[in-house]
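> fold the following and give me the result.
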Amino acid sequence: MKILKNSFNQIDTDNDGSLSKEEIEKAGALTKGAFGADSKWETILSKCDLDGNGKIDFQEFFTAAIDH
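Numbering: from 1, shown residues only. Reported below is the predicted structural model:
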């Protein structure tokens, strides 16, 4: 869990507790396919954004990592 939290914190550059599309793009996660072969923002949100707010918080990030 500590590794996931550190990874999340490195991507969350504005320290607001959630990951935006821009932060994920800046981290290279979309271009590197870190969220799967079809790493489009809409696909990531449909799989990870459980509360539908348009961002991915740590709990959603953690859940997606465990499921993956």
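> and stretch 60-68, what's buried?
In terms of neighbour count (16 or more other CB atoms under 10 Å), stretch 60-68 has its buried residues at 60-61, 64. C-beta here means a position set from N, CA and C on the backbone, and glycine is covered the same way.
> can you check stretch 13-20 too?
18-20.
> and stretch 21-41, end to end?
One end of stretch 21-41 to the other measures 7 Å (CA to CA, to the nearest Å).
> going forward, count from 469.
Sure, I'll start numbering at 469, so the last one becomes stretch 489-509.
> mind putting the buried residues of stretch 481-488 in CSV, pLDDT and distance to residue 495 included?
Formatted as CSV, the buried residues of stretch 481-488 follow (pLDDT from 0 to 100; distance: CB to CB, whole Å):
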residue, pLDDT, distance to residue 495
486, 97, 14
487, 94, 8
488, 91, 11
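> now intersect those with the strands, please.
Residues of the buried residues of stretch 481-488 located in strands (DSSP state E): 486-487.
> switch the buried residues of stretch 481-488 over to CSV; also include distance to residue 478.
As requested, the buried residues of stretch 481-488 are exported to CSV (distance: CB to CB, whole Å):
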residue, distance to residue 478
486, 14
487, 11
488, 14
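> helices or strands next to the helix-or-strand element of the chain with minimal mean pLDDT in the packing?
When the helices and strands of the chain are scored by mean pLDDT, DSSP states H and E, helix 509-516 comes last with a mean of 82. Secondary-structure packing of helix 509-516 (3 or more CB pairs under 8 Å, 6 or more residues apart in numbering; DSSP states H and E): helix 489-495, strand 524-525, helix 526-535.
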